[in-house]
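*Asks:* Predicted model and sequence follow; I will ask about them next.
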Amino acid sequence: MDGAATVDDIATEESALLESAEDEAMLEIAMESALGHGTPTYQSHGDSAEGSGKCVICCDELSTHVLVPCGHLCLCSSCVLLIMNPPHSEGPVCPICRSASSSSLRIHHA
């Protein structure tokens, strides 16, 4: 019986390690995209606010925040507060792709 418990323990530990590795890989992909080291998700669309580097909500300020995990750089420091703290219960969503956003990162333009 001790052998069966050991095999179960190993299987449980292996499953937890795989889940942790998947989470870490997803975070790494989001960070690379957000920092411009991965496949770019921010593309120019003519004169729209999205392609101009301006906030897609107010269209006045420079986009300084990228949303995680989608990687869209599309919000200024004021509008990111509105998006990340929505008045509805569904939670924050990206204004470009409508995917759920878990957090935002401040990007410092050089």
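*Replies:* Now that the structure is in, tell me what you want to look at. Numbering: from 1, shown residues only.

*Asks:* could you pull out the helices for the chain?
*Replies:* Here the chain has its helices, by DSSP state H, at 2-35, 49-52, 79-84.

*Asks:* Can you name the residues in contact with the last one?
*Replies:* If I follow you right, that is helix 79-84. Taking contacts as CB atoms under 8 Å, 6 or more residues apart in numbering, the residues outside helix 79-84 that touch it are 55, 57-58, 61, 64-65, 67, 75, 92-95, 101, 103-104. (Each C-beta comes from the backbone N, C-alpha and C, glycine too.)

*Asks:* which one of those residues has the most neighbours?
*Replies:* L67 (29 neighbours; other CB atoms under 10 Å).

*Asks:* excluding its backbone neighbours, what's nearest that residue?
*Replies:* In space, and not counting its chain neighbours, L67 is closest to S101: 4.4 Å by CB to CB, 6 or more residues apart in numbering.

*Asks:* Then C97?
*Replies:* Here the residue nearest C97, using CB to CB, 6+ apart, is C70, at 5.4 Å.

*Asks:* who touches C55 in this structure?
*Replies:* For C55, the contact set (CB under 8 Å, 6+ apart) comprises 49, 61-63, 74-76, 79.

*Asks:* how about 6 Å then?
*Replies:* 61, 63, 75-76, 79 (CB atoms under 6 Å, 6 or more residues apart in numbering).

*Asks:* separation between it and S89?
*Replies:* Between C55 and S89 the distance is 25 Å, computed by CB to CB, to the nearest Å.

*Asks:* What separation do you get for the residue nearest to L67 and T64?
*Replies:* Here S101 is placed at a distance of 15 Å from T64 (CB to CB).

*Asks:* What of S99?
*Replies:* Remark: distance between S99 and T64 (CB to CB) = 20 Å.

*Asks:* picking up where we left off before, I'd like the list of the contacts of helix 79-84 that fall within strands, please.
*Replies:* Among the contacts of helix 79-84, the residues falling in strands (DSSP state E) are 65, 67, 75, 103-104.

*Asks:* Let's have the residues you listed in a markdown table, adding pLDDT and distance to T6.
*Replies:* What follows is these, written out as a markdown table (pLDDT from 0 to 100; distance: CB to CB, whole Å):
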| residue | pLDDT | distance to T6 |
| --- | --- | --- |
| H65 | 97 | 48 |
| L67 | 96 | 44 |
| L75 | 97 | 51 |
| S103 | 95 | 39 |
| S104 | 95 | 44 |
